[in-house]
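> sequence unavailable; structure follows:
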C-alpha cells in the first residue's frame, strides 16, 4: 500500500460535519451579498460569521434527482500546450542524490519522493503537455510520458519535514513514466507516478500544467472520496454525503458541486473494478445512486489499455511497517479535536473542523434578540457620530474646584451634561493630537453595516479637569490591540498612556465595569476592563491595584498613575549621585540600577559577552552636558584564558573570574548591570555550597585569582587572593546573600505545583520548567501519543503518571470522568490492551506545559492544508486549561505559529492563503483573557541561554490574575549571529521584548567543544584490511575504532563507559552530574557507500563531500538546529563529528539539547532514528530552565512582598494596643 504517514490535500470529514457546512455557507453568503453588507476584510468576514451563526439553521441544499435525467459527461481536455525545459534541470538517474532523502531504505526498493511545480509531457511530440489520463487510453501506445519538477524527499513522518531547516528543492527532468496509481480505498493517500528510478507523489502542478492535471486528478480524487467514504460509512445516505461533499474545496481552490460527482462516474466505475471489496462497496446507497447513469463498458467514449498501468500498487514504506511511533501519526489515526463549551463558542466560525464539544453545547442566542441588539448598537453609534460632529459648549463652576483657589476641577459640563473625575468617556479618534483622526461619516447610510464604536472613538477615564481640558488615562478597546477582529467587543484595557483632551471633544459617558469578578457578563451596552495592556511587549497583565488606590487618594495632578510612572522612568535616565553615611560620593544611580564603589559590573563590549569591571571610584561629570564616569579594574573570565595557558586539569569555568591591575574609565551609559562576585572563601560545605550559589542566578560568580593584565600569557602569573583582603560593596552583597537565604526558605516552605505535560514528548519542556524553577513544579501527569517517547518519559520520570494516548482522547476521558459519567478509559497505545491510568482529580492540576505539535505551523512545511486538524491542537490545550483552571500554563511552538491564519482557504494544492492574519495567536490570547489569564509571549533563541545550538522557539506564558505573571527571560549568553526576535502584527505594531544587543550578555556562547569534547571518541571502520596510515592517524588522535557491521542496530558504545577526560566546562560538568547507566554513545547504521564517504571527509571544520552534503561540524561553533531527520545527506547534513570519522551519536545530539548523560532514550526495536526524533522534537533544556527560573523569581518576589506586608501589619498591631472588642473580633475571624 502507499505510504500513509503524510497528510494529503484534504482529509475525509467526520460524520457530524454539518456545523462546518453551515459556517462555510454563511460565510459564502456574507461574501456574496451587496456592497452595503459585504464584509471585505478578515475582520468583517469574522464579524459576519458571528452574526450569521447566532441562532441560524443550516441552509438546505435542494437536491434534484439527477440520477435518471442528467447525461454522463467527462471533462474536456484543455487546449494544446507545450512544456518549456528549464535551464539547469538535472536528468533523473539512479545516482541522483536528493538532499534530505531517507538513506536507510533497502537498496532494492526505489526511493519515494515528492514532486511539485511539475509538468507531464511527450518528448516525442515537441514536449506536448499530456494528461496522465492518456496513459490509460489505447492510443497512448504512440506516446512517451516524461515529467519535470521540483523534487524533495518523501518524509516518513511530518515531524521530519516540519523540522528540516530549509528544504532544498532540486529541479529534475524525470525519465520515462511507467504508470500512475492511487489507492481509492484510503481517503488521504496521494497520487503516485513511477519511473525506472523512483516513485513520486504528485503535489502541486506548474501553473501551465494545472489544467492538464485538473483533467486527470479531479474525477479520480472524487472517486477516491466516494469509495473511501463508502468503506468508512457504508450506510450513509446520499443526501448526507452530498452535504459534506459540497462543503469541500478541491486542491485547485474550486468548491465541489453535485455535478462534479456525475462527471466522475466513469472514473468511479473503473476504480471500482480495481477494488478487491467492490461487491460490498457497490451496496453503499451513495455508490448505487451514482452508478445509475454509469454507461456500459461498450458505451464508454474511450478505450482502456489492456495492460492497465493503474493496477500496480504504489510502494510500501518499510519504515512504517511495524513502527508504532509512526503509525499513531497517520492521518487516518487522527482524532477529532475535543474542546470545552467555552472554547467551542470562541472558535465558532474560525475553525473548519467540526469540533467535539465535551459538555453542554454553546448556548445560541435567539437570532431576533441578536439582531435587535445589533440594531440598537448601530443606532447608538450613529448618535455618537452626530454628537461628535457638533460644536459643543463647555462650562465649569467655582464651587466644583478641588479646593478654593485651585485651578483643578472635580467636574464640568459639556452641552449641559455633567462629566466628573472617574467618569469613562468616549471621544473621536485622533483627539490626542498625535494620531490622524478617523473620518466620521456624514450620512447614516455611509456607515458600514458591521461598524462598531471602537472603529471611530477612543475610550478614556477622567482623572482631573483643568480649565478647558480634561486629563485622562486612555483605555484601549480589545480590537485596537493585537487581538484586532478577535477582541471582545466589550472589553477594554488600561495602558501606559495619558494626556489632556479638550472638553469640547467629549461625546458621551459609557458604563465601564472595573475589574469584575471571574464569570462576570457585562450587559450588552456596557464595557469592562480587568487587565493592563502594554503595547511595547503586547502583554496583558493584572492591574496594579495598590498603585491605583494610592494615586486615587492623592489630589490632582498627582493622582495620575501614568504620569507618576513616567516621572519615575525619566528620573531613571538621569545620573543621580549616591553618597555614604558621611556624605562622600560612593556611587551612581542610572537606568533604574545603583552602582557603588567596590561593585563588580558589566559594561558594554563591541562583540562577544559584556566586559567585566571592578569599581574603584565614581567620578563626577566635568561639564554640565557630560555623563558621570566610573574607574574600573578590568576583570576576566577563567574560561577566556587560552587552552595553551590554562592547565589541562583546570575547568574552563565561565563563572570563575580573576581581577587585574589594569584600569579603565567608562561612561555610566556603558554600564549594563551589577553582578555578584564573592571570594571563593565565602563558600563552605555544607552550609554555603558554591554550586548552590551559582545555581540561584546567572549573575552569580566567584573570585579566586589576580593577574597582572586581562590577557593572560602564563598561568604562573596568578596571585591567589585572600578573602579578607578583597573589598566588596558590603551592603549590596549582604542584600544578595540575604536574598539567597530567603529564597532557600521560600523553596523549602513551598509545595510544588502539580503539572500536566499535555504533549510531553521525551519530557524536556516540563522537566526544564520544574528543575529551573527550583522545584516550584512537580510533573505529576504527562500525555504523549508516541509509544517510544512515552516509554522514555516514564523511564526518566518514574513518579509521573504517563498516558500513552492522543491528547484529545485523554482530555475527553478526563472531562467525562469529572462530569461523573464513568466512561470506559481509552487504552494505552503501547499495547492496545491496557487501560490508561485514572485521570488526575478535579482541582489537582495547577500548571500545564504544552508544546503542541509544530509541523503544520512550520514555515518549512511546504505542503500546508487549510483544514489540517493537527493545526487545532492549540484548542485542545486551551480546553485543558479551561477544564483544569490551572494557575499557570506554558505553550511552546515554532515561530511559524505566528503565521497560522484562521479560516484560511486552500488557494491551490498544499498552499493556503487569506483568513485572519495571526489568527492562531489571536484566538489563543482571546481565550486566555476570557478565562481570566494574563498573557505574555515572544520568540526566544536557545543559543542565548546556554544551549550549544541555533534554535528559535515561540513561547506563551499564561497566569491567573492572582498569580504573578513571569517575565520572559532575557539572554544570559552571547550568541554570534543571533537574529532579531521581533514580532510584527497585522496592525503594524512591532514588539521586541527580548534584548539582542551584542556585547551585553553575562556569559560567552557555549560551543560544540564546550558541550561534547569529554565524550569518548571513535571512528567508523568498514570491514576489511585497514591501511597503516589510517591506523597511525587514529592512534595519534587517541581515538577508538568501531567496526561498521551492516546488520547491527547501531554503531558505538552503550552501557557504562568512561569519558575522555574530566569535565572541562560547566556544561560538561552539569551533563555528568549523575553517572549514566546507559551512555547511548552510538550512531545510526548507514549504507556502506555512505560510510565510505563519511570516513573520507577531512577532519577540518566545515569540510564536506559536496556543498550541503556530508558536512563536518566546527568544534568552535554551534550545532545547527537539531532536527528529527539527522543524516549526512539530509538538508541538515552537517552532522559529522568534529573530531572523528563518523556522524554524531545519540548522546552527542542529546548534549546539543541539554539532556544530562543519565537520561535514557527508549525506542521500539532500539531504533536510533526514533531516538533522533525524540531529541529533535525536544525543547532545549537550558531554555526551559531559563523560563522556570523566571517563574521562581516571580513567585519568590510575591512571597517576599507578602511577608514584608505581614511584618508591617504585625509591627503596627504591636504598636497599637487592642481593645477587648478588637480581640473578640479577631477570635471570630480565626
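Yep, it's here. In this text, all values refer to a predicted model and were calculated from it rather than measured experimentally.

> alpha carbons only for contacts and neighbour counts from here, please
Noted.

> bridged to residue 114, which residues?
Residue 114 has these beta-bridge partners by DSSP bridges: residue 152, residue 201.

> mind listing what it touches?
By CA atoms under 8 Å, 6 or more residues apart in numbering, the contact set of residue 114 is 151-154, 200-203.

> biggest helix in this structure by residues?
In the chain, with assignment by DSSP state H, the single longest helix is helix 1181-1215.

> before we move on, back to that, could the contacts of residue 114 be laid out in JSON lines, adding pLDDT?
Listed next are the contacts of residue 114 as JSON lines, based on pLDDT from 0 to 100:
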{"residue": "151", "pLDDT": "92"}
{"residue": "152", "pLDDT": "87"}
{"residue": "153", "pLDDT": "82"}
{"residue": "154", "pLDDT": "78"}
{"residue": "200", "pLDDT": "95"}
{"residue": "201", "pLDDT": "93"}
{"residue": "202", "pLDDT": "94"}
{"residue": "203", "pLDDT": "89"}
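
> can you tell me the closest non-neighbouring residue to residue 384?
Distance criterion CA to CA, 6 or more residues apart in numbering; nearest residue to residue 384, sequence neighbours excluded, is residue 507 at 6.4 Å.

> can you pull the contacts of that neighbour?
Residues near residue 507 by CA under 8 Å, 6+ apart: 384, 387-388, 425-428.

> tabulate the residues you listed (CSV), appending distance to residue 784, pLDDT and secondary structure.
As requested, the contacts of residue 507 are exported to CSV (distance: CA to CA, whole Å; pLDDT from 0 to 100; DSSP: H, G, I helix; E, B strand; the rest coil):
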residue, distance to residue 784, pLDDT, secondary structure
384, 54, 96, helix
387, 59, 95, helix
388, 57, 94, helix
425, 51, 97, strand
426, 50, 97, strand
427, 52, 95, strand
428, 52, 94, strand
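
> buried members of those residues into ChimeraX, please.
Those of those that count as buried under 16 or more other CA atoms under 10 Å are selected in ChimeraX with:
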select :384,387,388,425,426,427,428
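
> adding distance to residue 378, write the contacts of residue 507 out as a markdown table.
A markdown table is the format used below for those (distance: CA to CA, whole Å):
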| residue | distance to residue 378 |
| --- | --- |
| 384 | 10 |
| 387 | 14 |
| 388 | 15 |
| 425 | 18 |
| 426 | 16 |
| 427 | 17 |
| 428 | 16 |
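
> so residue 1117 touches residue 1007, yeah?
Yes: under the criterion of CA atoms under 8 Å, residue 1117 makes contact with residue 1007 at 5.3 Å.

> okay, the two: which has more neighbours?
Using other CA atoms under 10 Å, the more surrounded residue of residue 1117 and residue 1007 is residue 1007, with 23 against 19.

> how near is the more buried one to residue 610?
17 Å (CA to CA, to the nearest Å).

> swap in residue 407?
Per CA to CA, residue 407 is found 51 Å from residue 610.

> same check on residue 1203?
Taken as CA to CA, the span from residue 1203 to residue 610 is 36 Å.

> so which of those two has more stuff around it?
Per other CA under 10 Å, whichever of residue 1203 and residue 610 has more neighbours is residue 610, with 24 against 12.

> and the pLDDT at that one?
Here the pLDDT value assigned to residue 610 is 97.

> do the same with residue 311
For residue 311, the predicted pLDDT is 46.

> just residue 576 next, same as before
86.

> before we move on, what about residue 27?
At residue 27, pLDDT is 41.

> how about residue 252?
pLDDT, residue 252: 85.

> helix, strand, or coil at it?
At residue 252, secondary structure determined by DSSP: H, G, I helix; E, B strand; the rest coil is coil.

> and the gap between it and residue 871?
For residue 252, the distance to residue 871 - CA to CA - is 21 Å.

> wait, what's in contact with the closest residue to residue 1084 other than its chain neighbours?
Leaving out its chain neighbours, the residue that sits closest to residue 1084 by CA to CA, 6+ apart is residue 1050, at 5.1 Å. Residue 1050 makes contact with 1082-1085, 1168, according to CA under 8 Å, 6+ apart.

> quick one, strands of the stretch 251-400 of the chain?
Counting by DSSP state E, counting those that start in this stretch, residue ranges of the strands within the stretch 251-400 of the chain are 338-339, 356-357, 394-395.

> which stretch among these comes nearest residue 830?
If you check each of the strands of the stretch 251-400 of the chain against residue 830 by CA to CA, strand 338-339 wins as the nearest, at 22.1 Å.

> strands paired with the closest one, and their directions?
strand 356-357 (parallel).

> what does the strand it pairs with rub up against?
Strand 356-357 has contacts (CA under 8 Å, 6+ apart) with 336-341, 344.

> just stretch 922-929 next, same as before
Here stretch 922-929 makes contact (CA under 8 Å, 6+ apart) with 343, 346-347, 482-483, 486-488, 874-875, 878, 934-935, 958.

> what about those, which are in strands?
934-935, 958 (DSSP state E).

> want to throw those into CSV with pLDDT?
As requested, those are arranged in CSV below (pLDDT from 0 to 100):
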residue, pLDDT
934, 98
935, 98
958, 98
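
> which one of the residues you listed is nearest residue 1065?
For the ones in strands among the contacts of stretch 922-929, with residue 1065 as the reference and CA to CA as the criterion, the closest is residue 958, at 35.0 Å.

> I figured the closest one was touching residue 934, is that so?
Yes: between residue 958 and residue 934 there is a contact under CA under 8 Å: 5.4 Å.

> which neighbours do these two share?
With CA under 8 Å, 6+ apart, residue 958 and residue 934 have common neighbours 928, 965.

> give me the number of residues near the nearest residue to residue 899 once chain neighbours are set aside?
Closest residue to residue 899 apart from its sequence neighbours, by CA to CA, 6+ apart: residue 918 at 5.3 Å. Residues lying near residue 918 (other CA under 10 Å) number 20.

> does residue 770 belong to a helix or a strand, and which?
helix 764-772 (DSSP states H and E).

> what lines up beside the next helix-or-strand element following that helix in the sheet?
Sequence order places strand 777-783 as the next helix or strand after helix 764-772, per DSSP H and E. Strand 777-783 has its sheet partners listed here by DSSP bridges as strand 753-757 (parallel), strand 801-803 (parallel).
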